[in-house]
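Chemist: pasting a predicted model and its sequence here:
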Amino acid sequence: MPIKIPITLPAYNALREENVFVMTEARAEHQDIRPLKVAIINLMPTTVDTEIQLLRLLGNTPLQVDISFLRMGSHESRNAPPGHLERFYVNSKKIVRERIRFDGLIITGAPVETLDFEEVDYWDELVEVLDYSVANVWSTLHICWGAQAGLYRRYGIPKKILPRKLFGIFPHRVKEQHTTLFRGFDDEFPAPQSRHTECARDAIAAEPALTIQAESDEAGVFIVTARNGREVYVTGHLEYDPLTLDREYRRDIGKGLTIDIPKNYYPGDDPGKAPVVRWRAHAHLFFSNWLNYVYQETPYNLDELE
C-alpha cells in the first residue's frame with residue numbers, strides 16, 4: 001500500500017516519477033482499511049527536499065500510511081516556498097490542544113544545534129509536542145537534532161559541540177541484530193552524518209531507560225531506543241538522498257565557511273566525482289522495520305493508547 005498525501009503536494013509528482021507508490025485522498029477513502037496515521041514535524045531548512053526524502057522511505061512498505069505534516073506555529077520559516085506551510089501543514093498547537101492521536105511521529109533535524117535548547121525560538125512549543133507524544137503517539141522517531149532534543153527533554157542528556165563537524169558516511173555496528181528495528185541488517189552498515197554536536201555516550205549509557213542499539217567508533221552513538229521501541233533516537237540522516245551531503249558541502253564552500261570534504265563520500269575524496277550511494281538499502285530497511293513495528297504493536301483503536 002502507498003502513502004496518502006495531497007495530490008497538490010510538490011513531493012507527489014517527484015515520488016510518482018521514482019515509482020514510489022503514492023495514493024490520493026480520494027482513492028484512499030474507497031479502501032476498507034485503517035491506515036497508519038503518521039505525523040511529521042519537518043524542521044529542516046530544505047523543506048520540500050526533506051518531505052520527499054522521508055515520504056520516499058515511508059512509501060516503501062505494504063502498509064497504507066496517512067501522512068500529516070506539522071509546523072511550529074511559534075516559528076516563521078524563511079526556507080519553505082511561499083504559502084507551502086499554510087497549505088500543507090497543521091499547527092502543532094492544534095494537535096496538542098485537541099489531543100489528536102497518531103500511530104507514529106517523526107521529528108526531523110534542525111539547523112539550530114549550536115544553540116542551547118532553550119534559545120531556540122520554538123523550544124517551548126516543541127516541548128509541548130514531546131510531552132504530548134508520550135501518551136498520544138505509539139512510537140516517535142527522532143532524527144539528528146530532533147534526537148538530541150528528545151534525549152535532553154526526557155532524560156536530561158546534554159549535547160556538546162564537536163571540535164569539527166562530523167560530516168560524511170561512517171560505518172556503524174548493530175549491537176543486537178534480533179531486535180525489531182534491525183531485522184535483516186548486516187553486522188555493519190554505512191550511514192550519513194552531518195552535525196556539529198553530539199550527546200556523550202557515557203551519559204546515554206548511564207541512563208537505565210535507554211538502550212544503545214547501534215554505534216560507530218568514529219561517529220559515536222547512532223541509534224538509541226527507550227520504552228521497548230516507542231522512542232527511537234537516530235543521531236544521523238539515513239533519509240538523506242545521494243546528493244544531500246554534496247549540496248551541504250557546496251553551500252558551505254559558497255558561503256566561505258571552513259568545511260572538510262565529507263568522509264567516505266566522493267570516490268577518491270574528489271568532489272568532482274559523483275558520490276557512490278551505499279546507505280540506501282539500510283535506510284529503506286530501517287524505515288520499513290519501524291513502520292512494521294508500529295503496525296504490529298499500536299492499538300487498532302487509537303483511543304486505547306496509553
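Modeler: The structure has been received and is ready for your questions.
Chemist: for the rest of this, base every contact and every neighbour count on C-alpha atoms.
Modeler: OK.
Chemist: any idea how far residue 295 lies from residue 118?
Modeler: Distance, residue 295 to residue 118, by CA to CA, to the nearest Å: 34 Å.
Chemist: looking at the two, which is more packed in?
Modeler: Shown here are residue 295 and residue 118; by other CA atoms under 10 Å, residue 295 has more neighbours (18 against 9).
Chemist: tell me the secondary structure at the more buried one.
Modeler: Using DSSP: H, G, I helix; E, B strand; the rest coil, the structure places residue 295 in helix.
Chemist: mind jotting down where the strands sit in the stretch 1-150 of the chain?
Modeler: 3-4, 22-23, 36-41, 65-71, 89-91, 102-107, 137-143 (DSSP state E, counting those that start in this stretch).
Chemist: for this protein, which segments are assigned as helices?
Modeler: 10-17, 25-28, 47-58, 84-88, 92-97, 123-136, 145-155, 201-205, 244-254, 280-297 (DSSP state H).
Chemist: from residue 302, how far out is the nearest residue to residue 36 once chain neighbours are set aside?
Modeler: In space, and not counting its chain neighbours, residue 36 is closest to residue 65: 4.7 Å by CA to CA, 6 or more residues apart in numbering. Applying CA to CA, the value for residue 65 to residue 302 is 15 Å.
Chemist: more crowded one of the two?
Modeler: Between residue 65 and residue 302, counting by other CA under 10 Å, residue 65 is the more crowded of the two (27 against 16).
Chemist: if we can go back for a sec, just list whatever residues bridge to the residue nearest to residue 36.
Modeler: Going by DSSP bridges, residue 65 is paired in beta bridges with residue 3, residue 36.
Chemist: got phi/psi on residue 62?
Modeler: phi -80, psi 0 (degrees, to the nearest 10).
Chemist: tell me the angle the longest strand seen in the chain makes with helix 145-155.
Modeler: The strand that spans the most residues within the chain, counting by DSSP state E, is strand 159-174. Counting by axes from the mean of the first three to the mean of the last three CA atoms, to 10 degrees, strand 159-174 lies at 110 degrees to helix 145-155.
Chemist: centre of the chain to strand 159-174, how far?
Modeler: 16 Å (CA atoms, centre = their mean, to the nearest Å).
Chemist: what does it rub up against?
Modeler: Applying CA atoms under 8 Å, 6 or more residues apart in numbering, the contact partners of strand 159-174 are 114, 148, 152, 182, 185-200, 213-219, 222, 245, 259-265.
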